[in-house]
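A.B. asks: how does the following fold in three dimensions:
(2 chains)
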There are 2 protein chains.
Amino acid sequence: MADMRNIRVGFLGFGTVGEGTYRMLVDNAAEVFAKTSAQIEVVRVGVRDLEKVRAVAPGLVTNDLRSIVTDPNIDVVLELMGGEEPAGEMVQLALEHGKHVVTANKELIAKHGSRLINLAKDSGLDLHFEAAVGGGIPVVQPLKHQLAGNDVIKMMGILNGTTNFILTKMEDEGADFGEVLAEAQKLGYAEADPTADVDGFDTMYKISILAAICFGKQIPLVDVHREGIRAISASDMKYAKQFGYKVKLLGICEETGEDEVLVRVHPALIPLDHQLSSVKGVYNAVWLHGDFVGDLMFSGRGAGADPTASAVVGDLIDVVRTMVASGNGSAIPYGEGMKVSKMSDLETRYYVRFEVMDQPGTLGEIATAFSKWQVGLAQMEMITKVGGKGEIAFMTHVCREFDFASALTDVSNLSSVAKVENWIRVEE
Amino acid sequence: MADMRNIRVGFLGFGTVGEGTYRMLVDNAAEVFAKTSAQIEVVRVGVRDLEKVRAVAPGLVTNDLRSIVTDPNIDVVLELMGGEEPAGEMVQLALEHGKHVVTANKELIAKHGSRLINLAKDSGLDLHFEAAVGGGIPVVQPLKHQLAGNDVIKMMGILNGTTNFILTKMEDEGADFGEVLAEAQKLGYAEADPTADVDGFDTMYKISILAAICFGKQIPLVDVHREGIRAISASDMKYAKQFGYKVKLLGICEETGEDEVLVRVHPALIPLDHQLSSVKGVYNAVWLHGDFVGDLMFSGRGAGADPTASAVVGDLIDVVRTMVASGNGSAIPYGEGMKVSKMSDLETRYYVRFEVMDQPGTLGEIATAFSKWQVGLAQMEMITKVGGKGEIAFMTHVCREFDFASALTDVSNLSSVAKVENWIRVEE
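C.D. replies: Okay, here's the model as predicted:
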């Protein structure tokens, strides 16, 4: 075993996700070190095609995957190839050779999770797969840890960005499935062969993994009901809207009896007041109802190099931290005395409301006072009140809080301004 | 140390959260055992007032808190008293006596987190505090683990249910702060002395804890800018709406320079297309932007006995699992062969669209065919097309999928129905 302060990592696969993960380890080396107290060194990168130019030292690259998973100098294997084989054989070999494994492989875990997790557990090794579901959204580990005491009654997920992008476009533009798919393919949001996405296979793998964690047993994929979105038309979207719903492709699992569940993937009408209905474009979300936690939702970017890398590196940090701390007490301590900036340096937009004299020239005086401090006015509403007074509300452009406050003082001293009623910062 | 398979727990505090946590450990003992392989036994409950009747065996109850945190037979202390002291002294004593600690105490962690976490770490003990921020929403641990590789650029949270309830009511009803506060107090959503909530102290503690985790140093509370919601009027709500915004009380932290942050609590205008603007009533949410993960949001119930218990028990499960597994390989293995229900037994509502003959009697024939299978029709839209045809779309009441499918077959055989165009299940 290598020195515990120097953790040696081997990559299997260096496509989009592999490249993103490598880039995150390099770019955010300071964050990773702060949280692990360990140097993470990438010592081997296994690829299929040796000829392709990659953003990694050529000396690290090999197409002999087996040499990586059996290398006694490697502590952790990151399996970022995808697909059932050879990924499955390589993960098994890595575990048999005493390596912790982090994988982003939904198909592998959906099909062989139970066997591989048990193998890892029996060998005292970690097998993490946060990136397999929901890209960068933390959901696998929160289900296993922070939510572990709950009986999960029902879970529904928008787990595929391609189909959610297509459905959102169809809804926004009143377009039919075929044209939007073609556009998504042109933009690179959908594959040339879109089957895995639009026929629901990707969602099926992901909801099956989540169901296995919630209910404690692997879900036989043959028993999962699966439908895609090819049959949805612009007309369905239109009626759904009239009835007060949106159409989403959902992965759903729920308890149906003692040790019995129903797991299904199909388009569904979601009412507009349900949180899932607001999840747009390539965003993913997982909604669940637990008996103690109640309703809960996680949402974020469910795919792409960077969000997926975020999950892979998070898992790697977990593995490394446990290796270094060996047991309880793996808290990340933090120091004291953080340097905190002054509010007066804040730059944002502001809302402000004045009581004013309802007389000619008031607006001009206020605008001049603001512009003296380089505070631009973006929007305005005005009403007349009884007794010769009025009310004016503004939204400013972005400015420094010091300047805004100075302008306010000047404005409040104008004879045409009775009172600064209130002001509120904007966050967007 | 007690037998590793029988973990002995002491409670400090048995108010709403203590009672909820105890109830969850009893009600969901099977879930907890499945995830820890350990029996969790509550052996002592420390309270202030011995006279109060509580839902726990009287023999367990003591007002000698010190006897709990120094008891050599106790493995884990759950600190659910709240407040700075005596909670702080008790947590320190518990750690000094070799006990893992789970706390829900935001004020304690915001003020003394750095010292206590370092003490735990140096003693090889866990100190978890998921319940201190966001009630049942997993956010503390996901920040420490799954998101740990990110450089968090900005984080904004709706972290106080009372103020979000008040602001939502003000917006919905056009009411002023004072009247809505009085109503919230009557409903039990706001305390008789509402200062901690409406003046932003609660939010300040919570955002300071999150900032410390993101940026690796404790935030001096004296440097946190804090404003409450007392100044917000119905008039401000009205203008905000006209400008396209909602008013929310936010805790915000962001990077402002090398090892420098700005941490602030104040009402803010949030644009309607920002995810945080849809967080209503007593719900909490944390939104963040990380350099790799991008935009992310967690939302759920931020307070209350049951959601808070969910977080406390999740932390306790984590502590116990690490004690039992001692190191890596703490995966929760799951078995194979989950029993999966049939789709034909699903009960839900359905959307369905038909192409029909545009002639008298069509609607009646369809309704009769549905009612033969006990499928009720709830909503309908109809259009006439060229060539003597029309289109009808229905929403059904809740029915069994087998019955719906059978009815569809019958309907499709009607001479007045040209075609079943499509049907989609409803989830709500």
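A.B. asks: mind giving me the domain ranges of chain A?
C.D. replies: Here the domain assignment for chain A is A:6-136+A:307-325, A:140-301, A:343-425, based on automatic domain parsing.
A.B. asks: so can I have CSV of these showing distance to chain B?
C.D. replies: Quick note: C-beta positions are derived from backbone N, CA and C, even for glycine. CSV is the format used below for the domains of chain A (distance: least, C-beta to the nearest C-beta, whole Å):
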stretch, distance to chain B
domain A:6-136+A:307-325, 3
domain A:140-301, 3
domain A:343-425, 4
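A.B. asks: in JSON lines: those domains, plus mean neighbour count, distance to residue B:217 and mean pLDDT.
C.D. replies: Listed next are the domains of chain A as JSON lines, based on neighbours: other C-beta atoms under 10 Å in any protein chain shown; distance: least, C-beta to C-beta, whole Å; pLDDT from 0 to 100:
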{"stretch": "domain A:6-136+A:307-325", "mean neighbour count": "21", "distance to residue B:217": "10", "mean pLDDT": "95"}
{"stretch": "domain A:140-301", "mean neighbour count": "21", "distance to residue B:217": "24", "mean pLDDT": "95"}
{"stretch": "domain A:343-425", "mean neighbour count": "16", "distance to residue B:217": "19", "mean pLDDT": "94"}
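A.B. asks: which one of those domains lies closest to residue B:375?
C.D. replies: Nearest of the domains of chain A to residue B:375, taken as C-beta to C-beta: domain A:140-301 at 16.1 Å.
A.B. asks: next, the distance between the ends of the closest one.
C.D. replies: Domain A:140-301 stretches 15 Å from its first residue to its last (C-alpha to C-alpha, to the nearest Å).
A.B. asks: hang on, the earlier thing: for residue B:77, which of the domains of chain A is the nearest?
C.D. replies: domain A:140-301 (17.6 Å).
A.B. asks: what's near enough to touch residue A:218?
C.D. replies: Shown in contact with residue A:218 (C-beta atoms under 8 Å, 6 or more residues apart in numbering or on different chains): A:113, A:114, A:208, A:212, B:334, B:335, B:336, B:337, B:338.
A.B. asks: max pairwise distance over these: which two?
C.D. replies: Taking C-beta to C-beta, the two most distant members of the contacts of residue A:218 are A:208 and B:335; they sit 14.3 Å apart.
A.B. asks: got a list of what the closest residue to residue A:385 other than its chain neighbours touches?
C.D. replies: Closest residue to residue A:385 apart from its sequence neighbours, by C-beta to C-beta, 6 or more residues apart in numbering or on different chains: residue A:391 at 6.1 Å. Taking C-beta under 8 Å, 6+ apart as the criterion, residue A:391 is in contact with A:353, A:354, A:355, A:356, A:382, A:383, A:385, A:421, B:235.
A.B. asks: one more time with 10 Å, if that's ok
C.D. replies: A:353-356, A:358, A:381-385, A:418-419, A:421, B:235, B:239 (C-beta atoms under 10 Å, 6 or more residues apart in numbering or on different chains).
A.B. asks: which of those fall within helices?
C.D. replies: Mapping the contacts of residue A:391 onto helices (DSSP state H) picks out B:235, B:239.
A.B. asks: among the contacts of residue A:391, which ones are in strands?
C.D. replies: A:353, A:354, A:355, A:356, A:381, A:382, A:383, A:384, A:418, A:419, A:421 (DSSP state E).
A.B. asks: contact partners for the last one?
C.D. replies: If a contact means C-beta under 10 Å, 6+ apart, then residue A:421 has A:352-356, A:391-393, B:231, B:233, B:235-236, B:239 as its contacts.
A.B. asks: mind doing that once more with 6 Å?
C.D. replies: With contact taken as C-beta atoms under 6 Å, 6 or more residues apart in numbering or on different chains, residue A:421 is in contact with A:353, A:355.
A.B. asks: so residue A:403 makes contact with residue A:373?
C.D. replies: Yes - between residue A:403 and residue A:373 there is a contact under C-beta atoms under 6 Å: 4.3 Å.
A.B. asks: strands of the stretch 151-300 of chain A, start to end?
C.D. replies: Secondary structure of the stretch 151-300 of chain A (DSSP state E, counting those that start in this stretch): strands at A:152-158, A:225-226, A:245-257, A:260-271, A:283-290, A:294-301.
A.B. asks: quick one: which of these is nearest residue A:320?
C.D. replies: So among the strands of the stretch 151-300 of chain A, strand A:294-301 is nearest, using C-beta to C-beta, at 23.7 Å.
A.B. asks: packing partners for the closest one?
C.D. replies: The helices and strands touching strand A:294-301, judged by 3 or more C-beta pairs under 6 Å, 6 or more residues apart in numbering or on different chains; DSSP states H and E, are strand A:283-290, strand B:294-301.
A.B. asks: columns distance to residue A:194 on top of those strands, output as JSON lines?
C.D. replies: Compiled in JSON lines, the helices and strands packed on strand A:294-301 are given as follows (distance: least, C-beta to C-beta, whole Å):
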{"stretch": "strand A:283-290", "distance to residue A:194": "17"}
{"stretch": "strand B:294-301", "distance to residue A:194": "23"}
